[in-house]
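Q: need a 3D model of the sequence below.
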Amino acid sequence: MTRTILRTLTSGLALLCLCGAAGAQSLPLEECRISAGPGYPSIKARCGTLPRPLNPADPDSPRIELRVAVVPALNLSPETDPVVPIAGGPGQGTVEFYAMMQGAFEPLRRNRDILLVDQRGTGESARMDCPIDDDVIIFESEFNLEDTVEFIGECLEKLPHDPRYFTTSVAVTDLEAVRVALGYSALNLYGVSYGSRVAQHFARRYPDATRTVVIDGVVPPQLSLGPEIATESQRAVDNILARCTEDAACNERFPDLAATFARIVAQLREGPVEVSVPHPNTGRTEVISLGEGQFAGAVRLLAYSPTTIALLPLFIHEAGQGNWAPIASQYMMTALQMSDMLALGMHNAVMCTEDVPFLDRTTIDYEGIDASYMGSFQLETLEAMCEIWPAGPIDTEFKVPLATDLPFLLLSGDADPITPPRYADLAAADLGNALHLTGKHQGHGQIAVGCTSRLMADFVDAADPAVVDAECMERNFVMPFFLDFSGPAP
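A: Purely as a prediction, here's the structure:
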C-alpha cells in the first residue's frame with residue numbers, strides 16, 4: 001500500500017501507522033501538536049514512541065523510548081524520502097529545535113515530510129539531565145573547578161539510565177530503526193552544529209539509507225571540540241570589534257572599542273561586580289555578581305547570531321561606562337535558556353567519548369586560550385569532568401574523515417565563533433560530490449539566513465549540489481550595529 005493511499009484511508013482517524021518491511025518493528029503515529037515550549041505556537045503533527053534497547057548490542061538490555069514526530073509535507077503526494085533535522089548542542093531536542101525554526105524548513109516541507117526524532121538523552125527521548133537550581137546558575141558569582149567536578153559526580157548518581165549508551169554511534173542506530181519502522185525509502189539529513197557530526201556518521205554507517213546531507217556549522221569528524229572554543233570565540237569577537245572600527249558610525253559612537261573590551265576583561269578578572277537587574281522570569285529586581293565567567297558566557301552566545309552580534313558593541317561600551325545591566329541581563333537570559341534547552345547528561349556522554357579522549361595536548365594553544373576573554377576554565381572543566389564520566393561505545397572509523405560520493409551541501413558563516421569555515425573544508429576533504437557555501441558576516445547556523453533555505457530545498461529536490469545557484473547569498477541581510485537601545489542608525 002502506498003503512503004498516499006494509506007493517508008486517504010486513514011483520513012480523519014486519530015491513529016495512524018506507517019509500517020516498515022515485514023518483520024520490522026512498526027511505529028504507530030497519532031495526531032498531536034508539537035511546540036518549542038510555553039508561549040510558542042503549536043504545530044500539527046503525528047507523534048509516536050519507538051521502544052529501543054538501552055544498549056543496541058544487547059537486545060535484552062533495559063528499554064528506552066524515542067520520541068518521534070512527523071510533520072506532513074505540504075504536497076498531498078509527497079516524495080518517500082523525508083527531511084530529517086538533527087539538533088545541535090550536544091543535548092538539544094530535535095522536536096524543540098524544529099518548532100523554533102519551523103519557518104526556515106517550509107521550502108523543504110513543500111515536497112517532503114519532516115521527520116523529527118529526539119535523539120536519545122534529549123527532549124522526550126529518555127532525557128538525560130540533572131536539575132540545576134536557577135538561583136545557582138544566576139547568583140553564583142564565580143565558578144570553581146572543584147565544585148563543578150563535585151556537581152558532575154552528583155549528576156552521574158542521579159541519571160535515570162547508564163550514561164555510556166548516549167553517544168553518536170548508538171544514536172544513529174536509533175534513527176535507522178525509526179526509518180525502517182516508518183517505511184521511508186531513504187533520509188535527507190540536515191544537521192546543525194553537533195548535529196552535523198551525527199549526520200555525517202549516519203551517512204557513513206548507512207549510506208544506502210541516505211539520499212542527501214546538509215551540514216550547517218560543520219564539525220568535522222577528525223576534530224575534537226574543546227581546545228579551540230576559546231581561541232575561535234576570541235577571533236570572532238576581534239573581527240566584530242574590527243568591523244565596528246571600520247564602520248564610521250559605529251566607530252564614532254564607540255571609539256577604542258577593543259581597548260574597552262580588554263579593560264572590562266581585566267577588571268572582571270580582578271573580581272566580580274554587583275549588578276541590579278530584573279529577573280527574566282519573574283521581573284523582580286535582583287542583585288547578581290557578574291564575574292569573568294558570566295561575562296564570557298554572555299559574550300560568547302551574543303557572537304553566535306548576526307542579530308545579537310549587532311548588540312555587542314553597544315553592550316561592551318555600556319559596560320565600559322559602568323552600566324553593567326545590559327550584559328548582566330543577557331547573561332541571565334542565556335543561562336536560563338541553556339539550562340532548559342540542553343540535556344547535560346547526554347552532552348557529557350558525547351564530549352567524554354568523542355572529544356576529550358582524543359585531544360592531542362601537544363598541539364593545544366594554551367597561551368592563546370589563556371589570553372582569550374574566555375580563558376582556560378572551559379577546557380579545564382571538560383578535562384576534569386571526563387576523568388570521572390564513563391566513556392561509551394564509539395565506532396572504529398568515527399574519527400576518520402568521511403569519504404563518500406553522496407550529495408553534500410556544507411554551510412558556514414565567516415563570523416561563526418565555534419565552527420569556522422575551515423572546519424567545513426576539513427570535513428569536505430574526501431567528499432566527492434559536495435558544495436561549500438559561506439555566508440558573509442554570518443554566524444553559527446545558516447538555515448534561517450536570507451535565501452539559504454530555498455537553496456537547501458533546490459539541493460534536496462535535485463540531490464545534486466551543482467544545481468545550487470548561490471548568487472542570492474550576496475544579498476543576504478546583515479543586521480547593522482545598534483548605536484543605542486533604539487536600534488541602528490537610520
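
Q: what are the phi and psi values at the most centrally placed residue in the chain?
A: In the chain, the residue lying closest to the centroid (CA atoms, centre = their mean) is residue 88, at 2.5 Å. With angles defined as degrees, to the nearest 10, residue 88 sits at phi -100, psi -150.

Q: any idea how far it is from residue 101?
A: 11 Å (CB to CB, to the nearest Å). C-betas here are computed from N, CA, C, even on glycine.

Q: what do you get for residue 235?
A: Taking CB to CB, one finds residue 235 at 26 Å from residue 101.

Q: please apply the same query to residue 320.
A: Counting by CB to CB, the gap from residue 320 to residue 101 is 34 Å.

Q: tell me which residues in stretch 74-83 are buried?
A: 78-79, 81-83 (16 or more other CB atoms under 10 Å).

Q: quick check: end-to-end length of it?
A: 13 Å (CA to CA, to the nearest Å).

Q: how near is residue 473 to residue 27?
A: Residue 473 is 38 Å from residue 27, by CB to CB.

Q: to clarify, my last question referred to residue 422.
A: 40 Å.

Q: neighbour-wise, which of these two wins?
A: Taking other CB atoms under 10 Å, residue 422 and residue 27 do not tie; residue 27 has more neighbours (23 against 13).

Q: spatially nearest residue to that one (excluding sequence neighbours)?
A: Excluding the flanking residues, the one nearest residue 27 by CB to CB, 6 or more residues apart in numbering is residue 181, at 3.9 Å.

Q: what residue ranges in the protein score low on pLDDT?
A: 1-24, 132-143 (pLDDT under 70).

Q: domain parsing for it?
A: 66-120+162-222+400-475, 127-160+227-390 (automatic domain parsing).

Q: looking at those domains, which is buried most?
A: domain 66-120+162-222+400-475 (a mean of 21; mean count of other CB atoms under 10 Å).

Q: what's the next secondary structure element after the helix or strand harbouring residue 326?
A: Here residue 326, judged by DSSP states H and E, is contained in helix 325-341. Next helix or strand after helix 325-341 toward the C-terminus (DSSP H and E): helix 344-354.

Q: now the angle from that next one to helix 325-341?
A: 80 degrees (axes from the mean of the first three to the mean of the last three CA atoms, to 10 degrees).

Q: how about the contacts made by the nearest residue to residue 414 once chain neighbours are set aside?
A: Once flanking residues are discounted, residue 414 sits nearest to residue 438: 5.5 Å by CB to CB, 6+ apart. Going by CB atoms under 8 Å, 6 or more residues apart in numbering, residue 438 touches 411-414, 421, 424.

Q: ok, back up a step: isn't the residue nearest to the centre of the chain up against residue 192?
A: Yes. At 4.9 Å, residue 88 counts as touching residue 192 under the criterion of CB atoms under 8 Å.

Q: find residues that contact each of these two.
A: 97, 217, 445.

Q: including distance to residue 124 and secondary structure, could those go into a markdown table?
A: Formatted as a markdown table, the shared contacts of residue 88 and residue 192 follow (distance: CB to CB, whole Å; DSSP: H, G, I helix; E, B strand; the rest coil):
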| residue | distance to residue 124 | secondary structure |
| --- | --- | --- |
| 97 | 13 | helix |
| 217 | 24 | coil |
| 445 | 23 | coil |
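
Q: could I get those residues as a markdown table with distance to residue 362?
A: Conversion of those to a markdown table gives the following (distance: CB to CB, whole Å):
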| residue | distance to residue 362 |
| --- | --- |
| 97 | 36 |
| 217 | 27 |
| 445 | 32 |
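
Q: so which of these is the closest to residue 391?
A: Distance ranking of those against residue 391, using CB to CB, places residue 217 first at 25.0 Å.

Q: how about CSV for the domains of the chain, with distance to residue 483 added?
A: Below are those laid out as CSV (distance: least, CB to CB, whole Å):
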stretch, distance to residue 483
domain 66-120+162-222+400-475, 17
domain 127-160+227-390, 5
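
Q: looking at those domains, which is closest to residue 37?
A: Of the domains of the chain, nearest to residue 37 by CB to CB is domain 66-120+162-222+400-475, at 6.8 Å.
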